[in-house]
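Asks: need a structure here:
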Amino acid sequence: MSTIEVSNVMSQPEPSQIVSAKRRVSSALDKIFRKKSSIGFSSTAFTSSIPHTHIDALTDDDLLTGHSNGSDSGPDDDAMTLWSSMEGNTYIHSMFGNQPHLNNLSPELVWVFSYKRKFGCLGDASDVMYIGDGRSLVVDMIGNRVLHFDKRGISSIAYSTEDMIEPWAVAVNTEDVIHVTARKTKCVTRFLKNGESITPIKNVNFTTPSGVAIGKNDQMFVSDVTTNLLTAHETDGTFISTIGSSMSPIQHLDRPRYVTVDNSNNIIVSDSGNHSIKVFDSEGNFVHKIGERGKGEGQLKFPYGVCTDTSDNIIVADHYNDRVSFFSKSGQFIRHLVTSLDGLNHPQGVYLTSNFRLLVTHGGLKAHEVLVYDLRSSQLSEKEVFV
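Replies: Numbers count the residues shown, from 1 in each chain. Below you'll find the model as predicted:
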């Protein structure tokens, strides 16, 4: 059995059984992180690496059973190996050259990690971002750090700075500079992937910065849940303008938690307090509103994370409705991608990879897990998927 068939093994009748099986594997992550020594904070960013664990001797069946044909490999190896390269299976694009429509896809849970509140795992995963080549960044708001997972998942790095207190969201610009909003210290922290610290962006009237996104020419957009503002900044943090108008009832923001920028440089913000998504064009002009308070199709209840696909369609973490919803770029509701029936509970950060792996941070009062769903259904024919 190959690693790509993990989702078939986990296809149990009850979503709780699916999540439980994944948790048994992901619990091995705790052992890996406990090998680390305690880490102290300094005035510059630090990175802390876990030594690589060798997995070459494992068979594919070993990855699911926790056995290793008599080798020294153990559950640490098994858990990490299941985190395969996010772009390792790209037959959809190479065979058809077309993007499948998400309204024809079905989710399968293929991976869960970091669910126990122990060192190295997630206290409250407020955001997640895929950065290519199988690597992802997860913001741990309670842990005051950003965790990095590499393409094979056999080592991890923790990023933090003395200014990174209550980090919330993450974005990376074209220069590979990692930007993380820090709510407690009222700034946007910045550092390189090697851990080198860059001067944080402060003193620009941030009160509680939450969402952050990078747009054209590396312009930065930041939402603030206290001032209820969405602002645009130059690369160095210099203030450019405020997006939207507080004087307009339809444009006014209330607790804007997350923001993203699509391929057309439209700015999309989750207007949580107004239970909607607001879309602005590249010049900051209001385009349209998506959603209203409720539980019905197309309705939202405190939307959190937001992202887009390559066609600028919009994906929203509908926090208190326990689902992730999919809208066209014009705002038309298409479908719910994953719901509580798929094991989802209070989703926060969301990210969609180019090969339709959906990363979602979720949990009860705190988001202790990152779920990875494969939105491509093995049950659909090619004709059904590629319409």
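
Asks: From Leu122, how far off is Ala232?
Replies: As judged by C-beta to C-beta, to the nearest Å, Ala232 and Leu122 stand 31 Å apart. No exception for glycine: its C-beta is placed from N, CA and C like everyone else's.

Asks: Which one of those two is surrounded by more residues?
Replies: For Ala232 and Leu122, the more surrounded residue by other C-beta atoms under 10 Å is Leu122, and the numbers stand at 28 against 19.

Asks: give the contact list for that one.
Replies: Applying C-beta atoms under 8 Å, 6 or more residues apart in numbering to Leu122 gives the contacts 114-115, 138, 140, 143, 147, 361, 367-370.

Asks: Over to Ala171?
Replies: Ala171 neighbours (C-beta under 8 Å, 6+ apart): 129, 178-179, 212-214, 220.

Asks: same thing with Val146?
Replies: By C-beta under 8 Å, 6+ apart, the contact list for Val146 reads 137-140, 158-160, 164, 167, 170, 178, 180.

Asks: got the CA coordinates for the helix or strand where it lies in PDB?
Replies: Per DSSP states H and E: Val146 is located in strand 145-149. Provided in PDB are the C-alpha atoms of strand 145-149 (Å, rounded to 0.1, in the frame of the first residue of the first chain):
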ATOM      1  CA  ARG A 145       5.800  31.200  17.900                       C
ATOM      2  CA  VAL A 146       5.400  29.900  14.300                       C
ATOM      3  CA  LEU A 147       6.100  26.300  13.600                       C
ATOM      4  CA  HIS A 148       7.600  25.200  10.300                       C
ATOM      5  CA  PHE A 149       7.100  21.700   8.800                       C
END
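
Asks: That one pairs with which strands, parallel or anti?
Replies: Using DSSP bridges, strand 145-149 pairs in its sheet with strand 135-140 (antiparallel), strand 156-160 (antiparallel).

Asks: Mean neighbour count and mean pLDDT added to these, as JSON lines?
Replies: Formatted as JSON lines, those follow (neighbours: other C-beta atoms under 10 Å; pLDDT from 0 to 100):
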{"stretch": "strand 135-140", "mean neighbour count": "24", "mean pLDDT": "91"}
{"stretch": "strand 156-160", "mean neighbour count": "23", "mean pLDDT": "82"}
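
Asks: What's the ChimeraX line that selects buried ones from the contacts of Ala171?
Replies: To isolate the buried ones among the contacts of Ala171 in ChimeraX, judged by 16 or more other C-beta atoms under 10 Å, type:
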select :129,178,179,212,213,214,220
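
Asks: Strands - which of the contacts of Ala171 land there?
Replies: 129, 178-179, 212-214, 220 (DSSP state E).

Asks: Phe327 is in contact with His336, correct?
Replies: No: shown here, His336 and Phe327 do not form a contact pair, counting by C-beta atoms under 8 Å, at 10.6 Å.

Asks: can you map out the strands along the stretch 101-250 of the chain?
Replies: Applying DSSP state E, counting those that start in this stretch to the stretch 101-250 of the chain gives strands spanning 108-113, 125-132, 135-140, 145-149, 156-160, 167-172, 178-182, 187-191, 197-201, 209-214, 220-224, 229-233, 239-243.

Asks: Save those as JSON lines, and put in distance to Glu292 too.
Replies: Listed next are these as JSON lines, based on distance: least, C-beta to C-beta, whole Å:
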{"stretch": "strand 108-113", "distance to Glu292": "30"}
{"stretch": "strand 125-132", "distance to Glu292": "25"}
{"stretch": "strand 135-140", "distance to Glu292": "29"}
{"stretch": "strand 145-149", "distance to Glu292": "34"}
{"stretch": "strand 156-160", "distance to Glu292": "38"}
{"stretch": "strand 167-172", "distance to Glu292": "24"}
{"stretch": "strand 178-182", "distance to Glu292": "27"}
{"stretch": "strand 187-191", "distance to Glu292": "31"}
{"stretch": "strand 197-201", "distance to Glu292": "34"}
{"stretch": "strand 209-214", "distance to Glu292": "21"}
{"stretch": "strand 220-224", "distance to Glu292": "20"}
{"stretch": "strand 229-233", "distance to Glu292": "20"}
{"stretch": "strand 239-243", "distance to Glu292": "21"}
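
Asks: so which of these gets nearest Arg376?
Replies: strand 108-113 (8.2 Å; C-beta to C-beta).

Asks: Ile198: what's its closest spatial neighbour, skipping adjacent residues?
Replies: Of all residues not flanking Ile198 in the chain, Arg190 sits nearest, at 4.0 Å (C-beta to C-beta, 6 or more residues apart in numbering).

Asks: mean pLDDT for the strands of the stretch 101-250 of the chain: which is lowest?
Replies: Among those, strand 108-113 carries the lowest mean pLDDT, at a mean of 68.

Asks: For stretch 279-287, buried residues please.
Replies: Residues 279-280, 284 are the ones in stretch 279-287 that count as buried (16+ other C-beta under 10 Å).

Asks: I figured Ser223 hits His233, correct?
Replies: No: Ser223 lies out of contact with His233 (C-beta under 8 Å); the separation is 11.9 Å.

Asks: I appreciate the help and will end here.
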